[in-house]
Structure formats: structure tokens, C-alpha cells
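>>> predicted model and sequence below, questions to follow.
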Amino acid sequence: MKVLVSACLLGENCKYSGGNNLDPRVAEWLRETGCEAVPVCPEVLGGLPVPRTPAEIAGGAATARDGQNVDAAFRRGAALALEIARREGAALAILQPRSPSCGVKEIYDGTFSGKRIPGMGVFARLLAEAGIRALEPEDLTGMPVPAGEK
């Protein structure tokens, strides 16, 4: 089974800071289940550079800390990443927590204060609307691959 994965979780330096969010739990789960990772970074796909000014969702739109509205890039990247998921036949995604693109359960509140609120990033929401299940690395513990999906 092919699984969409936030590229930063696999060690790709695509994070706003120029670094990554390498998470060994993701690689271990992929190895144990025999699933194939399809790495994506919606923000880079949308045309944003690495490194870039951090962004958060404020008033329903992705806005950079310097006040620049980057919502169009976030939405463009999310749409392109969804196309990749569909083309690859991915029915599952493992996404970076709290990201304004990929957060599944919570995101930062848009004030750049570090405060978190319940919510979904732009890409995570698009996946949900398309019926593609999205998880965060912490959700992988003990999660088997659905029968017949390997």
C-alpha cells in the first residue's frame, strides 16, 4: 500500500526553518508494514521557498509572521499534493502535527505565540474532504495495515 507522508517526517529539509522533522516512528512503521512512502510537502509544492517565513492560519487564511498572505500558495500546494495522493492510490496519509498545512488534530492559533487550538491544516482538511484518512506519527503505535492493503 502506498502512504502519503509529510516529507519533513522522512528527513527532507523542507521545513520553514530549512530543517526537517525526521520521526523514526514513521520509518519503523513503514518498514514493519511494508507500505511504500510517497513523500510530499504541500508548502514547497505550492511554490514557497526553503527556508521561508513561518506561517499560521489566521482568520481562515494562511498568513506569514511578517503579515504576508500566503494562503494561495498553501491551497495550490494542497491541491497538487492531493493530485499526487490520487495518482498514487494512497488511502492513508501520515502528516506533521500542528503544521498549518498538515496538522490533523490541532494547529497554532495564528498569533505566533505558540498557542495551539483544535483544528486542521489546509492540506489535512483537503484530504479529509476527499475521504483520505490522515494520521500523525503518534497514531501509528500498534496500528496495523488494513487487511489486503499491503
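Everything's here; your move.

>>> rest of the way, CA atoms for contacts and neighbours
OK.

>>> now the nearest residue to Ser17 once chain neighbours are set aside: how far from Ala124?
Nearest non-adjacent residue to Ser17, counting by Cα to Cα, 6 or more residues apart in numbering: Pro51, 5.0 Å away. The spacing between Pro51 and Ala124, counted by Cα to Cα, to the nearest Å, is 22 Å.

>>> more neighbours: which of these two?
Between Pro51 and Ala124, counted using other Cα atoms under 10 Å, the more crowded position is Ala124 (28 against 14).

>>> isn't that one up against Ala134?
Yes - with contact defined as Cα atoms under 8 Å, Ala124 counts as touching Ala134 (6.7 Å).

>>> mutual contacts of those two, please.
Here Ala124 and Ala134 share the contacting residues Leu95, Val104, scored by Cα atoms under 8 Å, 6 or more residues apart in numbering.

>>> show me the shaky parts of this protein.
Within the chain, the segments meeting pLDDT under 70 span 145-150.

>>> strands of that one, residue ranges please.
For the chain, strands defined by DSSP state E occupy the ranges 2-6, 36-40, 55-58, 61-64, 92-94, 106-108, 116-118, 133-135.

>>> as a markdown table, these with distance to Gly77 and mean neighbour count would be great.
Formatted as a markdown table, the strands of the chain follow (distance: least, Cα to Cα, whole Å; neighbours: other Cα atoms under 10 Å):
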| stretch | distance to Gly77 | mean neighbour count |
| --- | --- | --- |
| strand 2-6 | 12 | 24 |
| strand 36-40 | 9 | 20 |
| strand 55-58 | 14 | 23 |
| strand 61-64 | 12 | 21 |
| strand 92-94 | 15 | 23 |
| strand 106-108 | 18 | 21 |
| strand 116-118 | 22 | 13 |
| strand 133-135 | 17 | 19 |
